[in-house]
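Student: Okay, here's the prediction I keep looking at, along with the sequence it came from:
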Amino acid sequence: MKKKSYTLLLIPILIIGLFLLSRHQSREVYEYNSKAVYVYNLTDDRKVTGKNEDDKLAMASLTKMMTVYVALEKINDLSAYAPVDTDSYQKLVAENASMAGFFGGEMTTYRDLLYGAMLPSGGEAADSLAINISGSKLGFVGLMNEKCEEWGLKNTHFQNVDGMDDIGHYSSAKDMAMILKNALEDGNFRAIFTKKDYLTAPNDHHPEGLYMTSTVFDKLENYEQDGFEIIGGKSGTTDKAGLCWATLSVKNGKEYIIVTMGAPYDDIDNPGDGQIQDTLDILSRL
């Protein structure tokens, strides 16, 4: 009788064990399009999941999240004039970099440049922020790397402010998430990061202002969000970095940061949506 009772006791234990094992295995076999992923519960201040989250990878225009944050720390008046640097503008045009739509020498404000760097991922906006604040892009990059040291980010090093592929310019999915986490504590950064569109102040080059939209929200118009909402984001794409996304989402009353890096693409004019699918799949599984 004792032997039979022991057997009966073991059955539910085995069932529970098999259930837990199957859950673990289902998580292990899930494949992402992206090389690296990091998911962070901002509300509860904890990691949710990750894949290769400490790998050092090119991060393309996700760089501009740090550019905008450091700029905000140094700007006293967002309405002050800050012209677009002509040399940077011409260089980026030649490199076919992403642009906000400003012209070299255009008399913009710091606010215009901040939104221009974040929403349409304008390289001329990011470079001009650096030059107006520090006098040079190199000097501003030094401030960005100092901030990495302050925050204890071991897998990030900046070589530029606009995210173009460069030797020694790298970050990790986890570090990018931590940059975004810290930056979101700044109210101005959060306002910029979660903005869908923006109209600049009028000037001689744009008498009615320059209208800009978010590269992330532009993409999301083609996708359904069931049970969650992406409320902010920054995209980045280069040959070396692949497709990258950093987003802020809300689900069940909690905010989540999701960073995806390195989703492959073949054609820059038709890059696909690996980073978007990863982000939406993650949110649907939370």
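Tutor: That came in fine, so what should we check first? Numbering: from 1, shown residues only.
Student: Every contact and neighbour count from this point should use C-alpha atoms.
Tutor: Fine.
Student: and the most centrally placed residue in the chain, what element?
Tutor: Central residue of the chain (CA atoms, centre = their mean): Ala246, 2.8 Å from the mean position. Applying DSSP states H and E as the criterion places Ala246 in strand 242-251.
Student: strand partners of that strand, parallel vs antiparallel please.
Tutor: strand 229-238 (antiparallel), strand 254-263 (antiparallel) (DSSP bridges).
Student: any idea which of those strands is most buried?
Tutor: strand 254-263 (a mean of 26; mean count of other CA atoms under 10 Å).
Student: would you put the C-alpha positions of that one in PDB?
Tutor: Extracted in PDB, the C-alpha atoms of strand 254-263 (Å, rounded to 0.1, in the frame of the first residue of the first chain):
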ATOM      1  CA  LYS A 254       3.100  48.900 -17.000                       C
ATOM      2  CA  GLU A 255       5.700  50.500 -19.100                       C
ATOM      3  CA  TYR A 256       8.300  48.400 -21.000                       C
ATOM      4  CA  ILE A 257      11.500  49.300 -22.800                       C
ATOM      5  CA  ILE A 258      12.300  47.000 -25.700                       C
ATOM      6  CA  VAL A 259      15.600  47.200 -27.600                       C
ATOM      7  CA  THR A 260      16.200  45.100 -30.700                       C
ATOM      8  CA  MET A 261      19.500  45.300 -32.700                       C
ATOM      9  CA  GLY A 262      20.900  43.700 -35.800                       C
ATOM     10  CA  ALA A 263      17.900  42.500 -37.700                       C
END
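Student: Just the buried positions in the following helix or strand past it, please.
Tutor: Later in the chain than strand 254-263, the nearest helix or strand by DSSP H and E is helix 274-285. Neighbour-count burial for helix 274-285 flags 274-276, 278-280, 283 (criterion: 16 or more other CA atoms under 10 Å).
Student: any idea of the mean pLDDT in helix 274-285?
Tutor: For helix 274-285, the mean per-residue pLDDT is 97.
Student: Okay, angle between it and strand 242-251 too, please.
Tutor: Taking axes from the mean of the first three to the mean of the last three CA atoms, to 10 degrees, helix 274-285 and strand 242-251 form an angle of 20 degrees between their directions.
Student: now for helix 274-285, which elements pack on it?
Tutor: Counting contacts by 3 or more CA pairs under 8 Å, 6 or more residues apart in numbering; DSSP states H and E, helix 274-285 packs against strand 242-251, strand 254-263.
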